[in-house]
Every structure is written in structure tokens, then in C-alpha cells.
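Colleague: Everything below, folded, please.
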Amino acid sequence: MSYSGHRNSYDDDDDDDESDENEGSESEPCAKVARLQLRTLRPAGMAKNLCDLPSEILEKIIGYVNVWHHNRIRATSKRLRYITDLFITHEFQKALNKNSKANQRSYKSAALRSIKLATEVYVKYGFETLFCGCMLPMLRNSYKDPFCPATKNIQHFLINFYKGIENRLGSTQEFNLLYVLTFLRLLKAFRSFHTTSSCVGISKWGCVIELKGPWLGVLWTSKSRLQSKSEDHTKILIIMTELLLAEIANEAFRRVSDCDNEICIFGYDTSDNKRCPKTRFDFTVHGSKQIWSLFRSCLEENEENFKWPSLWPKDEFMFDLEIHSKEAMKWGCSETKYVEMGLSIGDCDSTRSVESH
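Modeller: Numbering: from 1, shown residues only. I've put the predicted structure just below:
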């Protein structure tokens, strides 16, 4: 990995120590020292345990270890799990910065940036360990170039990551808040992002966003089997991540989602003409000003100027979303897909719930 340059210096030091000991043993007689005295000669402050070493040194040591063994190391102790998380996070960030500077439109840069946008809100909320734990299988599947995962591996990573979020948060206000923030940040990241309207009302904020190039729609939905409430939500995030990756890398594609009870078809068109498909996202947030102001600033502020909340808002809210795509109709999909999250408009002070259509 990136720390391989340090290995030779440590190896050289060890070799020098061993050669000095061998020379001394041949030229000078050995004096026997009592075991108790040997213990007292131990330098003060010397680490008695591997975990007692500074984090920087432990992180370098972890860098020498094959990624296939990281799971076993993580299971050893909380301290080593923290160190492996630190190593994965730093390596991911270094790879992202390096590839963004080299070529922002490359697939590798697009993949890393898309992963960051799809997970950053959750990581800042406190799910860094979950992020690193889900990242390990993807790194192992891309062993020759760990931070250049195939689209299929990214999809599996996000499925596992969002499933972990669902298991920890369930149908709660926190789940809804983090979801909407992530969705809006993904929308904002598209180059073709365009706000056609934005209006503020009493305890609500509405906005219409248009994207040029990506399109999506529902081809078939099972009527006999109820869908998981969060499955529909997270599926949209995964689709949006794949569409964003395609736009950054400027790669056209068309794909059918792999889901048991619903078939979605989506794609990205690189045509630079008037016939390029457009998709409209029409959404409304019903809730306190603190809630919709956070969402609004997420869309209107630049990524560098966006201020992450020091205290995450606890207010209940409702999020209505309509996705309109005429291109999807050409493939037999309905023109509009509806998504609802949070409480009903008239029950903003009642028990938390999540609904999805």
C-alpha cells in the first residue's frame, strides 16, 4: 500500500541491531545478569502491548497487512478496529484526492466521488465504522486496484451499507433526515443540475429540479408482495449514485435494477442535443423552518460553503417526491414515480412513521 516505503527502514534497523549483537558476542565475554535485574533495565515508557503504540505507528503497521486479514484484526479489539478504520478512511481520501487532481472525468475519480457523496452524510453522523466495514469486501474484490471498484461492486457496497443503516436506525426521524440530505447532495452534484422553481410557504418548502441526461422509471411492481418501506428509498439512492457516476465519467448506459418485487429501468444519455432526455424531481418538505432551511442550504450553497449542523435537528417532517421522466415511458414505464417519507401533513406532532409508494 502507500506505506510500503517505510518497511525498508525498519528492516534495515533490525538487521543492524542483529549484526551488532553478533559482533559483540564474538569479541567480548558475556556476563550473566539476574532475571529481576533485566526487568529493571527495561526502558521506562516502553510499550507493553501492540495497542499501546501511537495511532500513527499502528496505522503504518496495518498498512503492511494484506486487506484479506483486516476483518480478523478488527475483531481483535476496539482499539485495532479504530486503527483499521483510520487506515481505510485515510487511504480512501488519498485515492480520491489523487485521482481528482489527475483526471476528474476518469472512471476511478467518478467512482470514488460517487461513493463519497452517497455515504458522507451518514459518516459525518457517526457511521464511519459501518462505512469501513462495508468497504473491506469491495476492496478485496478489487484487489489489483482496491480503490477502482467496478459498478457492480459499488452497488453491492451501497446495498450492504444502507441495509446496515436501516438495521441501526429503523423507521425513525434520523433515518429520514439522513436520507433526504444524501438524496439532495446527490442531485446537487450533477453538472446538469438546474433549479426551475423554489418557493417557501407556511411550514414548508417546495422545489423543482431538472437533470439533463439521466432518466429512470418503474417498469413493473408486484401487487401481491409488500415492499420493504426503506427498500424503495435506498434503491433510489443507489440508482442516483450510478447515474452520477455515469455523468462524471461521461459514459452512456441503460440498466434494469435487480429487485424481487419491482423492476426499475434507468440510464444515462450522453447526447448533446435537444433530444437528450430530461428528468424532473418535484419535491416538498413539510416541517419546521430549521428542517427545510437545512435542506434548502444543501441545494443552494456550494459544497465548500455548506455548513454541517453541529446539532442534528430532531423536528418531525414530511418529504414528498415526484420523479417525472418521459424517456422512461418509451420503455413501458409510468411517467411518474412517487415517494413519501415521514409523517402525514396533519400529524406533524404524532408518532414517527415512514411511508413509501
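
Colleague: What residues of stretch 173-186 count as buried?
Modeller: With burial defined by 16 or more other C-beta atoms under 10 Å, the residues of stretch 173-186 counted as buried are 173, 175-186. (Each C-beta comes from the backbone N, C-alpha and C, glycine too.)

Colleague: Sketch out the low-pLDDT regions of the stretch 1-150 of the chain for me.
Modeller: The stretch 1-150 of the chain contains residues with pLDDT under 70 at 1-48.

Colleague: how about the helices in it?
Modeller: Secondary structure of the stretch 1-150 of the chain (DSSP state H, counting those that start in this stretch): helices located at 7-27, 35-40, 55-64, 70-74, 78-102, 107-125, 128-141.

Colleague: For residue 251, which of the ones you listed is the nearest?
Modeller: helix 107-125 (7.4 Å; C-beta to C-beta).

Colleague: what's in contact with the closest one?
Modeller: Here helix 107-125 makes contact (C-beta atoms under 8 Å, 6 or more residues apart in numbering) with 92, 95-96, 99-100, 102-103, 130-131, 145, 147-149, 151, 154, 157-158, 161, 165, 174, 178, 181-182, 185-186, 189, 237-238, 240-242, 244-246, 248-249, 251, 308, 312.

Colleague: Kindly write the PyMOL command that selects the buried subset of those residues.
Modeller: In PyMOL syntax, the buried subset of the contacts of helix 107-125 is picked out as below (16+ other C-beta under 10 Å):
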select buried, resi 92+95+96+99+130+131+147+148+149+151+154+157+158+161+165+178+181+182+185+186+189+237+238+240+241+242+244+245+246+248+249
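
Colleague: what domains does the record give for this structure?
Modeller: As assigned by the TED database, the chain contains the domains 52-169, 192-221+233-342.

Colleague: that older thread, among the buried residues of stretch 173-186, which ones are in helices?
Modeller: 173, 175-186 (DSSP state H).

Colleague: Kindly reformat those residues as a markdown table containing distance to residue 295.
Modeller: Listed next are those as a markdown table, based on distance: C-beta to C-beta, whole Å:
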| residue | distance to residue 295 |
| --- | --- |
| 173 | 14 |
| 175 | 15 |
| 176 | 11 |
| 177 | 9 |
| 178 | 12 |
| 179 | 11 |
| 180 | 6 |
| 181 | 7 |
| 182 | 11 |
| 183 | 10 |
| 184 | 6 |
| 185 | 10 |
| 186 | 13 |
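
Colleague: Run a quick neighbour tally on the closest residue to residue 219 other than its chain neighbours.
Modeller: Spatial nearest neighbour of residue 219, chain neighbours left out: residue 263 (4.3 Å); criterion: C-beta to C-beta, 6 or more residues apart in numbering. Residue 263 is flanked by 17 other residues according to other C-beta atoms under 10 Å.
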